[in-house]
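Undergrad: Pasted the sequence and its predicted model underneath.
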Protein chains: 2
Amino acid sequence: MNQHLSVNDVRHLIRGLLKGDRRCLARLISLVEDVSPYIRTVFRDIAASTGEAYCIGITGPPGSGKSTLINGLTALCRIRGLSVGIISVDPTSPFSGGALLGDRIRMEAHFLDSEVFMRSMGDRGCVGGLPQVISPVMRLMDASGKKVILLETVGVGQSDLRIQDVVDTTVVVVTPESGDVVQTMKAGLMEIGDIFVVNKADRPGALQHAAELKASLDITISRDGWSPRVMTAIAEEGNGIEELDKILTERREFLQSTSELDKKRGERRKKEFIRTIQAEMNKKLSNAIFQKGFLAETLQSVESGDTDPLFGALALCASNTLFSLIDVK
Amino acid sequence: MNQHLSVNDVRHLIRGLLKGDRRCLARLISLVEDVSPYIRTVFRDIAASTGEAYCIGITGPPGSGKSTLINGLTALCRIRGLSVGIISVDPTSPFSGGALLGDRIRMEAHFLDSEVFMRSMGDRGCVGGLPQVISPVMRLMDASGKKVILLETVGVGQSDLRIQDVVDTTVVVVTPESGDVVQTMKAGLMEIGDIFVVNKADRPGALQHAAELKASLDITISRDGWSPRVMTAIAEEGNGIEELDKILTERREFLQSTSELDKKRGERRKKEFIRTIQAEMNKKLSNAIFQKGFLAETLQSVESGDTDPLFGALALCASNTLFSLIDVK
């Protein structure tokens, strides 16, 4: 359907988005995912309307209760009249892999709420573990008036998920069962968390787990001047949601008062800018290399073994002709 | 020291390499790692002298006995008078992370053998989990007369190690303790192995593990016409080394008789060619973006929030000026 969009249709979608129309938001997200040629116009026109949303990342092992916490935070936001966007990135499942049926049913209350917008994303087109479209999609939600955007990812061992690179605050959720502090460290979660929630705190070992986390965070240098917090919760019973919300607000106030927020967001924008240019250059290269011409001939000579691949590539890049070869219209 | 090399020094190194001089090999590997401007010449001049070596990848979880198997295979090759190259890629340790002291001492016999060349590499500059210099370093070893090149990597869960992309044959080593078949599958090892070795077969569960591997491989479509093999070994006692060697030879004969070898290597060269061009373009972009000029101004405007990062990047890439901006000499 998107193929048949006219410039006017897109303008209409943008106007709708800025008024908070959820169907326009959904259509525009699809445009981004489909790499529509209209993307450029869209992001030029919404730029001035972004920057309001508080972007929060929630990560942790499967089954730690991320969805339940998100559910609780969403309910709190709604009581205050705040519009909420939720993005779930899960390589394995259509919406949220770890969510039990109960979570889903409870989430359905929000499904019917026009001020809560949910989107799940696979890990297609990942760069460093997160889909490249995450940041643009968050900006669309921001422009549509979402005041809080919750990004849920699965954080399990050795992956290079870069959730901390796309949000203002990262919440790491663990359970007493999800292994000791050493395992949390191994999974690379200690370095990225601004807030740690030991969930399912009615289970044995929760307080000790929290104490251990705290102790090992205390000897870590605080990042950006913020000392990571540790708290316990029983999200299933609504226990801890308000405390988490309070710490999230403190964290936001800290970021704003120290201008860390601007710094973080500036860095984030720069990275996205450079990443996008790199992706576009690679696209141009892929297009050019399989066309007729010198580049394709070199590729063939490399494939057959007549030209060494490293020599061939370096010679081409040093020859001043690379870009004119790639820049085929 | 490499900075002060002259063209004649490099020619001397290349001549030495082609005669099998190990010190020349070591110096040239350092040139590649240091991204010397002489690399281009080196790889132009050695191109005709490569393609002889049989490249074997050995991967598996830490402690599965990869080093011991490599040690055994190396001894076998030496008995036959074949020169051997060994590369160990381990993000965590200077030589081989999992190797026990005993392995190291046994390896030392080979350290003194001038026909065995070992090199360990960190994971600096990784693309898809393997250092980009792996393939060029393997070609240098090949050109220096190594008939067998053994590449050891640690294969543990969810990583995107691409060992199968740089070798002719991939050996996956597991132990009865290293988890069941499901875990091997989860780690992505089932898809990449041409040969599976269940090592430490004197421990309980080995035969069952091997049988399960076999059963689940049997229902997989054979890749490239080769049906993956499963064998047991007690590498520590030298048990299974000869069988592994025999299967490795069968696999090589299969690759040669079906022209799969040429196809695989052609694909490998193409990928290296494209990857190198991409890396060079990214280098040019990084250089240009932090210099004065339009690109740097755009970056600043993106950082400050005046220009949307996605809009800025796409506008630049569509403007026909990108490459002239990047291609600063």
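TA: Structure's in. What do you need? Numbers count the residues shown, from 1 in each chain, chains lettered A, B, ... in the order given.
Undergrad: dump the residue contacts of the closest residue to residue A:325 other than its chain neighbours.
TA: Of all residues not flanking residue A:325 in the chain, residue A:295 sits nearest, at 4.9 Å (CB to CB, 6 or more residues apart in numbering or on different chains). In short, each C-beta sits where N, CA and C put it, glycine included. Counting by CB atoms under 8 Å, 6 or more residues apart in numbering or on different chains, residue A:295 makes contact with A:288-289, A:316, A:325-326.
Undergrad: Try it again at 6 Å.
TA: A:288-289, A:325 (CB atoms under 6 Å, 6 or more residues apart in numbering or on different chains).
Undergrad: again, but for residue A:145
TA: Contacts of residue A:145 (CB under 6 Å, 6+ apart): A:20, A:83.
Undergrad: What of residue A:173?
TA: A:60, A:64, A:66, A:197, A:199.
Undergrad: sorry, back to before: may I see the contacts of residue A:295 arranged in a markdown table, with distance to residue B:49 and secondary structure as well?
TA: As requested, those are exported to a markdown table (distance: CB to CB, whole Å; DSSP: H, G, I helix; E, B strand; the rest coil):
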| residue | distance to residue B:49 | secondary structure |
| --- | --- | --- |
| A:288 | 31 | helix |
| A:289 | 27 | helix |
| A:325 | 29 | helix |
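Undergrad: From those residues, list just the buried residues.
TA: Burial by neighbour count, judged by 16 or more other CB atoms under 10 Å in any protein chain shown, picks out A:288-289, A:325 from those.
Undergrad: Closest to chain B out of these?
TA: residue A:289 (6.7 Å; CB to the nearest CB).
Undergrad: quick one: that closest one and residue A:316, what's the gap?
TA: Residue A:289 is 10 Å from residue A:316, where distance means CB to CB, to the nearest Å.
Undergrad: any idea whether residue A:9 is helix, strand or coil?
TA: helix (DSSP: H, G, I helix; E, B strand; the rest coil).
Undergrad: what residue is smack in the middle of chain A?
TA: In chain A, the residue lying closest to the centroid (CA atoms, centre = their mean) is residue A:134, at 4.7 Å.
Undergrad: Confirm for me that residue A:32 is in contact with residue A:136.
TA: Yes - the criterion here is CB atoms under 6 Å, and residue A:32 meets it with residue A:136 at 5.0 Å.
Undergrad: what is residue A:229 paired to in the beta sheet?
TA: residue A:195 (DSSP bridges).
Undergrad: Can you tell me how far it is from residue A:75?
TA: 21 Å.
Undergrad: hey, where'd the helices end up in chain A?
TA: A:7-18, A:22-33, A:39-46, A:66-79, A:101-111, A:134-143, A:181-186, A:206-218, A:241-257, A:260-289, A:294-304, A:309-318, A:322-326 (DSSP state H).
Undergrad: could you dump those to JSON lines with mean pLDDT?
TA: Shown next, in JSON lines, are those (pLDDT from 0 to 100):
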{"stretch": "helix A:7-18", "mean pLDDT": "96"}
{"stretch": "helix A:22-33", "mean pLDDT": "94"}
{"stretch": "helix A:39-46", "mean pLDDT": "95"}
{"stretch": "helix A:66-79", "mean pLDDT": "93"}
{"stretch": "helix A:101-111", "mean pLDDT": "58"}
{"stretch": "helix A:134-143", "mean pLDDT": "96"}
{"stretch": "helix A:181-186", "mean pLDDT": "69"}
{"stretch": "helix A:206-218", "mean pLDDT": "87"}
{"stretch": "helix A:241-257", "mean pLDDT": "96"}
{"stretch": "helix A:260-289", "mean pLDDT": "90"}
{"stretch": "helix A:294-304", "mean pLDDT": "92"}
{"stretch": "helix A:309-318", "mean pLDDT": "91"}
{"stretch": "helix A:322-326", "mean pLDDT": "73"}
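Undergrad: So which of those helices is the most surrounded?
TA: helix A:134-143 (a mean of 24; mean count of other CB atoms under 10 Å in any protein chain shown).
Undergrad: Quick one: residues in contact with it.
TA: A:17, A:28-29, A:32, A:46, A:49-50, A:53, A:55, A:85, A:149, A:166, A:272, B:310.
Undergrad: Touching, residue A:44 and residue B:310? I think so.
TA: No - the pair residue A:44 / residue B:310 is not scored as a contact, 9.2 Å apart, by CB under 6 Å.
Undergrad: and chain A, which of its residues are near chain B?
TA: A:40, A:43-44, A:47, A:136, A:158-159, A:266, A:269-270, A:272-273, A:276-278, A:280-282, A:302-303, A:308-315, A:317, A:323, A:327 (CB under 6 Å from any CB of the partner chain).
Undergrad: How about the stretch 101-250 of chain A: which residue is closest to chain B?
TA: Closest point on the stretch 101-250 of chain A to chain B, by CB to the nearest CB, is residue A:136, at 5.2 Å.
Undergrad: typed the wrong thing, it's the stretch 151-300 of chain A
TA: Counting by CB to the nearest CB, the stretch 151-300 of chain A gets nearest chain B through residue A:276, at 3.5 Å.
Undergrad: Now for that residue: which residues touch it?
TA: B:310, B:313.
Undergrad: low pLDDT regions in the stretch 51-200 of chain A?
TA: When residues are selected by pLDDT under 70, those of the stretch 51-200 of chain A lie in A:90-109, A:111, A:122-130, A:155-161, A:178-180, A:182, A:186-187.
Undergrad: run the last query once more with 50
TA: A:92-103, A:125-128, A:157-160 (pLDDT under 50).
Undergrad: Now do the contacts for residue A:206.
TA: A:176, A:198, A:232.
Undergrad: Now it. Nearest residue, chain neighbours left out?
TA: residue A:176 (4.5 Å).
Undergrad: ditto for residue A:83
TA: Residue A:83's closest residue in space is residue A:115 (CB to CB, 6+ apart), at 4.4 Å.
Undergrad: if I read this right, the one you found contacts residue A:82, doesn't it?
TA: No - under the criterion of CB under 6 Å, residue A:115 makes no contact with residue A:82, lying 8.0 Å away.
Undergrad: about what we covered before: redo the contacts of helix A:134-143 as TSV? Include distance to residue B:212.
TA: Below are the contacts of helix A:134-143 laid out as TSV (distance: CB to CB, whole Å):
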residue	distance to residue B:212
A:17	53
A:28	49
A:29	43
A:32	44
A:46	54
A:49	57
A:50	53
A:53	49
A:55	45
A:85	45
A:149	45
A:166	41
A:272	45
B:310	48
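Undergrad: between those, which is closest to residue A:261?
TA: The closest of the contacts of helix A:134-143 to residue A:261 turns out to be residue A:55 (CB to CB; 10.2 Å).
Undergrad: Check the gap between the closest one and residue A:225 for me.
TA: Applying CB to CB to residue A:55 and residue A:225 gives a distance of 19 Å.
Undergrad: How about residue A:290?
TA: 50 Å.
Undergrad: now do residue A:211
TA: For residue A:211, the distance to residue A:225 - CB to CB - is 24 Å.
Undergrad: can you tell me which residues contact residue A:4?
TA: Counting by CB under 6 Å, 6+ apart, residue A:4 has no contacts.
Undergrad: and it, what pLDDT?
TA: Per-residue confidence (pLDDT) for residue A:4: 79.
Undergrad: Stretch A:223-239: how far from the chain's middle?
TA: 20 Å (CA atoms, centre = their mean, to the nearest Å).
Undergrad: Actually, stretch A:230-248.
TA: The answer for stretch A:230-248 is 22 Å, by CA atoms, centre = their mean.
Undergrad: for stretch A:314-329, same thing?
TA: Per CA atoms, centre = their mean, the centroid offset for stretch A:314-329 relative to its chain is 34 Å.
Undergrad: Same question for stretch A:275-294.
TA: On CA atoms, centre = their mean, the centre of stretch A:275-294 falls 26 Å from that of its chain.
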